[in-house]
Structures are given as structure tokens and as C-alpha cells.
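Q: below: sequence and its predicted model.
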Amino acid sequence: MQTFNRFFFRSLYKLPCFNFGTGPARLNHITYKSTNPDAKLNLVILHGLFGAAQNFRSIVNNTKISQYANCYLLDLRNHGASEHRDTMTSAEMAEDVYYWIKQHKVDSKDLVIMGHSMGARVTMAFATIYPDVPKGVIIVDFAPYNYTNDPRFHTIKSNKEMIEKLAALKLEGEWNDIKKAISEVAVNKDAAGLILMNVVNVGNGKYKWKPNIKAIANRYSDITGTEWEGTQKYAGPRRVICGEKSDYITMDILPSFNKVFEDFDVHRDLVFVKEAGHWVHFQKPRDFIDQVADFLEKLSK
């Protein structure tokens, strides 16, 4: 995790965030073309809370993935270099992604969308709002469940309290002091490392948040889930990849996937990655890549 933190902190780009008001938010993206000129699939990847497009760079650079698909890593609204908005419901972010697909003329007949955590919820919203668009979807460690009102998921409450404290911090002074302040607020060292990647030095002893921290704090319940808002179901191919030790997945909430998917089958559609927690793709990258590659291979036939 330390290597990951160092890499991404060095790699933070400083593109400005604009606020255009109404309609879909404009999304920043990174493109990785397939190593196979005959590859037909287009894999759009959506990160989690406080993440960014670059989070999946090492995943899509693996030939097991790149042989099957052109990959597009998106910054969701209020994250990375994408546009800031005051709201961020799953439906709104799904619309942003749909607009991006149309704007960049990504062939939707071979479109696969994969999302982790917050990005998984956006992926599920996309699948229920535009069920005829994606050829397949991959959901990583998040369910269409009302986590907010379930006290068992203590991570949801602790993260909310952390984000509210982060939003109140003044990012001024020496970098070591800012690191210390964020580390004292963060729920753990890994969270602190991820959050620090979202702080940008603007010079003269001043720093700023890359994400729209106020909107994230104000709209946290929209991200973690209230009652599922989808009205349709997705009948296409799907794979749900969860960490065996995840704080976000328990056996009793698995039926909630029936709100999103037609004929959801736990044994066919879901896999638990052993010894992995919520950050499956970082903690067990080889197992994660194998699962994604297997799914893409099946869609390519």
C-alpha cells in the first residue's frame, strides 16, 4: 500500500475543475488502447470514493486485461480532474457516464462497465437506467443496499464522520503539519494515504482539495445508499467480485442484487476473493485480474 501511495501522490495531475451548472458533468478520462488490434470490447472503469482514474492503471496495463479491451478510466464528478457539482446521486453520475460515452463515441454494443465501491453503485444505476446499453457489467465490492441505516456497517458511519472533519480542515501551513492533521482524522493509515493523494500544493504554503470535499460531505448518504432508486433491471452478463473479508458485504444482503439484476444467481454471478477486503484490486491484484479477464474472455466469444 505504501508503494501505491507514493506512486499516486507523485502522479497527481493538476487540471482545473470547472462548474458548468446544469446537465451532465464533464468527466476527465485516461485511455489505454488494447494490445490486440482485433479487440472489440470497450471497458469503462469507475473508481470509488476519493479515488481517481489512475487507480486502475496497473490493472488495465496487465496483458490479461488489455488483450481483450480498450480501457477508459474515468474520474467521476467531484473527483480527480472532473467537473464539480453540488449533488452526486448515483443516477446523476450514471447520466454523466452515459453522456461521456456518447460524447467520445465509444461503441456501446461492445461496452463493459466496471465500478468499485461508489463506482459500483454508479455502474448498477447505469445498468438499471440504460439496461440496453452495456454488453456486460462488473461490480466490485458494493451492493444496492441501504448501508446508511444499518448499524452493522460501522465503516459507513466512521467514514461519514471522517469526511465531515476533513471538510472542516484548513489546508494551510507546512506539508508535514497537513499530513499530521489528515492522519489524525483518517480512520486508518490506508485511508490517510488515499486522502493525501487528493491534496494539491498550489504554492506559497497553501494547498487545496482536488475533489469537491464539501459536496462529498453533504451528499455522503447518496453515495453509500438509501433505498435503491432503480426502476428497471439489467438482464445482461454480470460479475460481482467481492472481498472475502470485506466490511461492505455480508451474506444476508446478497439478495439486494435482485433489485438490479434479472435472475441473479449467487453461485453463478458472484465470486469472493480469498483474503481480500474492500480494496480487492489492490490487496489481491492477481486474483482480481484473473476474474476480470475471465469475464472479458467470455464476452469476447
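A: Alright, I've got the coordinates. Please read these numbers as outputs of a predicted model, since none were measured by experiment.

Q: any stretches of the stretch 151-300 of the chain with poor pLDDT?
A: Within the stretch 151-300 of the chain, the ranges that satisfy pLDDT under 70 run 226-227, 229-230.

Q: now with 90, please.
A: Within the stretch 151-300 of the chain, the set of residues satisfying pLDDT under 90 comprises 170, 172-173, 187-191, 203-206, 221-231.

Q: which stretches in it count as strands?
A: When secondary structure is read from DSSP state E, counting those that start in this stretch, the stretch 151-300 of the chain shows strands at 199-203, 206-209, 238-243, 270-273.

Q: now those as TSV including distance to residue 100 and mean neighbour count?
A: Quick note: C-beta positions are derived from backbone N, CA and C, even for glycine. Supplementary listing: the strands of the stretch 151-300 of the chain in TSV, determined by distance: least, Cβ to Cβ, whole Å; neighbours: other Cβ atoms under 10 Å:
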stretch	distance to residue 100	mean neighbour count
strand 199-203	23	13
strand 206-209	23	15
strand 238-243	21	24
strand 270-273	28	19
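
Q: nearest to residue 137, of those strands?
A: Checking the strands of the stretch 151-300 of the chain against residue 137 by Cβ to Cβ gives strand 238-243 as the closest, at 5.1 Å.

Q: the closest one pairs with which strands, parallel or anti?
A: Here strand 238-243 is paired, per DSSP bridges, with strand 136-140 (parallel), strand 270-273 (parallel).

Q: excluding chain neighbours, give the residue nearest to residue 222 in space.
A: With Cβ to Cβ, 6 or more residues apart in numbering as the criterion, residue 222 has its nearest non-adjacent residue at 4.8 Å, and that residue is residue 89.

Q: now distance to residue 152 too, for the strands paired with strand 238-243, in JSON lines please.
A: Supplementary listing: those in JSON lines, determined by distance: least, Cβ to Cβ, whole Å:
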{"stretch": "strand 136-140", "distance to residue 152": "20"}
{"stretch": "strand 270-273", "distance to residue 152": "18"}
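
Q: to residue 214, which of the ones you listed lies closest?
A: Across the strands paired with strand 238-243, the minimum distance to residue 214, taken as Cβ to Cβ, is reached by strand 136-140, at 26.9 Å.

Q: contacts made by the closest one with the rest, please.
A: 112-117, 119-120, 123-124, 126-127, 234, 236-242, 257, 280-281, 292, 295, 299 (Cβ atoms under 8 Å, 6 or more residues apart in numbering).

Q: which ones among these map onto helices?
A: Secondary structure from DSSP state H places 119, 120, 123, 124, 126, 127, 280, 281, 292, 295, 299 of the contacts of strand 136-140 in helices.

Q: in this structure the fourth one contacts residue 93, no?
A: No - between residue 124 and residue 93 there is no contact under Cβ atoms under 8 Å: 11.1 Å.

Q: the closest residue to residue 221 other than its chain neighbours: what secondary structure?
A: The spatially closest residue to residue 221, leaving aside those adjacent along the chain, is residue 148, at 5.0 Å (Cβ to Cβ, 6+ apart). When the structure is reduced to helix, strand and coil (DSSP: H, G, I helix; E, B strand; the rest coil), residue 148 reads as coil.

Q: can you tell me which residues contact residue 148?
A: Residues 156, 221, 224, 225, 226 are the ones in contact with residue 148 under the rule Cβ under 8 Å, 6+ apart.

Q: helices along the stretch 1-150 of the chain, start to end?
A: Taking DSSP state H, counting those that start in this stretch as the criterion, the stretch 1-150 of the chain carries its helices at 2-11, 57-60, 63-66, 90-103, 118-129.

Q: tally of neighbours for residue 67?
A: Here the number of neighbours of residue 67 (other Cβ atoms under 10 Å) works out to 16.

Q: now do the contacts for it.
A: Counting by Cβ under 8 Å, 6+ apart, residue 67 touches 34, 35, 36, 39.

Q: let me know the pLDDT of the first one.
A: This points to residue 34. What the model reports for residue 34 is a pLDDT of 96.

Q: against residue 285, how distant is it?
A: Computed as Cβ to Cβ, to the nearest Å, the residue 34 to residue 285 distance reads 19 Å.

Q: quick one on the thing from earlier: need the buried ones from the contacts of residue 148 selected in PyMOL.
A: A single PyMOL command selects the buried members of those (16 or more other Cβ atoms under 10 Å):
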select buried, resi 156+224+225
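
Q: narrow the contacts of residue 148 to those in helices?
A: When helices are assigned by DSSP H, the members of the contacts of residue 148 inside them are 156, 221, 224.

Q: quick check: the last one touching residue 145?
A: In this case it means residue 224. No - counting by Cβ under 8 Å, residue 224 stays clear of residue 145, with 9.3 Å between them.

Q: out of the strands paired with strand 238-243, flag the one nearest residue 262.
A: The closest approach between residue 262 and any of those, judged by Cβ to Cβ, belongs to strand 136-140 at 12.4 Å.
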